[in-house]
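1. Sequence and computational prediction follow.
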Amino acid sequence: MNRDVVFNKVQDIFRDIFDDYDLVIHNETNSDSIEDWDSLNHINLVTAIEKEFSIRFSLGELSSLKDIGAMIDLMLTKVE
Amino acid sequence: MNSYRFSELKVGIKESFTIELDMLKLLQFQKISGDCNPLHTDDLYAHKKGFESRVAHGMLTSSFYSTFVGVYLPGKYSLLQGIDIGFIKPVYIGDSLTVSGEIAYINYAYRQIEIKAIIKNQKGEKISRAKIKVGVVDE
């Protein structure tokens, strides 16, 4: 699965979680960029991504991420 | 009260309990919430709207999802973080409600479980369904 495919699927997940179907994410997008990206929605995002891609994250991996680009880079190490 | 620890939780674990919805519960909820809509207080009005009699507040019956989480699954170490409820059928005074649920997903990084739960009445009819997110705080 290439980066564009993963990125587009992640964007769909963000649109679903934040109930905003016009939402456009970028590699630099982080929790400061989206008003409703609070701690609970963060867990919702991680769970939705885990389910969609059949992968698992550890707390250590997640706590070091600074933006969506870093998240997708991490995901690419896990997806087939 | 059950006291499942996070390490004991597995997808597929189920729990259930049954509770009677009586007039006292309805009146107490009306007092707590202030929801005195005639659908919940006036049998005649409710009948005119197509119901058998006054209807129990949806949020009253949904409070049993809180009981499910806080007492049964996972019980003591729960921290309710979110709940998405659909109301399917009306609940009336005297109904016997069985709340049941099953762990559907576990987020190990954030120690959160997802539970799919339903409430059925004494006729076996599903009156509501819920997807519940619960943190487990046993450390």
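-> Nice, I can see it. Since we're looking at a predicted model, the values are computed, not measured. Numbering: from 1, shown residues only, chains lettered A, B, ... in the order given.
2. near chain A, which residues of chain B show up?
-> B:81-82, B:105, B:107-110, B:112, B:114, B:133 (Cβ under 8 Å from any Cβ of the partner chain). To be clear about C-beta, it is placed using only N, CA and C from the backbone, and glycine gets the same treatment.
3. can you rerun that using 10 Å?
-> B:81-82, B:105-112, B:114, B:133, B:135 (Cβ under 10 Å from any Cβ of the partner chain).
4. for the helix or strand bottoming out on mean pLDDT in chain A, which positions count as buried?
-> In chain A, the helix or strand scored least confidently by mean pLDDT, DSSP states H and E is helix A:59-63, which has a mean of 93. Within helix A:59-63, no residue is scored as buried using 16 or more other Cβ atoms under 10 Å in any protein chain shown.
5. Next SSE downstream of that helix?
-> helix A:68-76 (DSSP states H and E).
6. Kindly format the C-alpha coordinates of that next one as CSV.
-> These are the backbone C-alpha positions of helix A:68-76, laid out as CSV (Å, rounded to 0.1, in the frame of the first residue of the first chain):
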residue,chain,number,x,y,z
ILE,A,68,-0.2,13.4,10.6
GLY,A,69,2.9,12.9,8.4
ALA,A,70,4.7,11.2,11.2
MET,A,71,1.7,9.0,11.9
ILE,A,72,1.5,8.0,8.3
ASP,A,73,5.3,7.2,8.2
LEU,A,74,4.8,5.0,11.2
MET,A,75,1.8,3.3,9.6
LEU,A,76,3.8,2.6,6.5
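7. Touching that helix from outside, list them.
-> A:1-4, A:6-7, A:9-11, A:14, A:25-31, A:33-34, A:45-46, A:49-50, A:52-53, A:55, A:57, A:61-62, A:64-65, A:67, A:79 (Cβ atoms under 10 Å, 6 or more residues apart in numbering or on different chains).
8. Apart from its neighbours in sequence, what residue is nearest B:Gln81?
-> Leaving aside its chain neighbours, B:Gln81 sits nearest to B:Lys133 (4.6 Å; criterion: Cβ to Cβ, 6 or more residues apart in numbering or on different chains).
9. Point out the residues in chain A that sit beside chain B.
-> Within chain A, the positions near chain B by Cβ under 10 Å from any Cβ are A:39-44, A:46-47, A:50-51, A:56-63.
10. where in the chain is pLDDT low?
-> Using chain A. Scanning chain A for pLDDT under 70 picks out nothing.
11. if you set the cut-off to 80 instead, what comes out?
-> Applying pLDDT under 80 to chain A flags the ranges A:80.
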